[in-house]
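Asker: have a look; sequence and predicted model below, questions after that.
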Amino acid sequence: MSKLPMVWEEYNHLYFPKDSDWKWSVAIISITITLISFMFSNITFGVLIMVATAVLLLHAFQEPRILRFEINTKGVRVNQELWSFTDIRSFWIEDNREHHINSRILFATNGILDSLLVLTLPLNATNDRIHDIHEELVKILPEDRIQESIFQKALEYLGF
């Protein structure tokens, strides 16, 4: 008997409060790079650094939102956006419960950018339905080890 649909709510990302040292570090680094680029008459790069820093700061201080995740017979739904199982190549579940951090379901997508786009669904660190989710997904999709990019992991490590 199918246990689908499976629905849960979770924050879209982990939030790490930034102290004043973090803010000063980002500001000093970005101002230094901008000034050096202006000294070498590379105005475009300096402006790019300023814009990138502004975007980075806006994202860093954004509070996480609660999203609704659903796995049903048609595909994977995140809030109102549906990813059909025909658009998904494989899945992998990172079970991190023994480390007391959130587990994740990773989906590799089909298409031109398939190696670049990994759909990540967070699971609560205490979610005991991981086995049920795995049982249902194996019936629909092949299981294949998927890893997030080193860049994504570095951003998470730095608190973004």
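Answerer: Nice, I can see it.
Asker: I'd assumed Ser37 was in contact with Ile49.
Answerer: Yes. Using Cβ atoms under 8 Å, Ile49 and Ser37 qualify as a contacting pair, with a distance of 6.5 Å. C-beta here means a position set from N, CA and C on the backbone, and glycine is covered the same way.
Asker: more neighbours: those two, which one.
Answerer: Using other Cβ atoms under 10 Å as the criterion, Ile49 and Ser37 rank with Ile49 on top: 21 against 18.
Asker: what's next to the helix or strand harbouring the more buried one, contact-wise?
Answerer: Here Ile49, judged by DSSP states H and E, is contained in helix 43-60. The contact list for helix 43-60 (Cβ atoms under 8 Å, 6 or more residues apart in numbering) reads Lys18, Lys23, Val26, Ala27, Ser30, Ile33, Thr34, Leu35, Ser37, Phe38, Gly159, Phe160.
Asker: mind exporting the helix or strand following it as PDB, just the C-alpha atoms?
Answerer: Using DSSP H and E, the helix or strand that directly follows helix 43-60 along the chain is strand 66-71. Output of strand 66-71 as PDB, limited to C-alpha atoms (Å, rounded to 0.1, in the frame of the first residue of the first chain):
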ATOM      1  CA  ILE A  66       8.700  27.700   6.200                       C
ATOM      2  CA  LEU A  67       8.100  25.800   3.000                       C
ATOM      3  CA  ARG A  68       5.600  23.000   2.400                       C
ATOM      4  CA  PHE A  69       7.200  19.900   0.800                       C
ATOM      5  CA  GLU A  70       5.200  17.100  -0.700                       C
ATOM      6  CA  ILE A  71       6.100  13.900  -2.500                       C
END
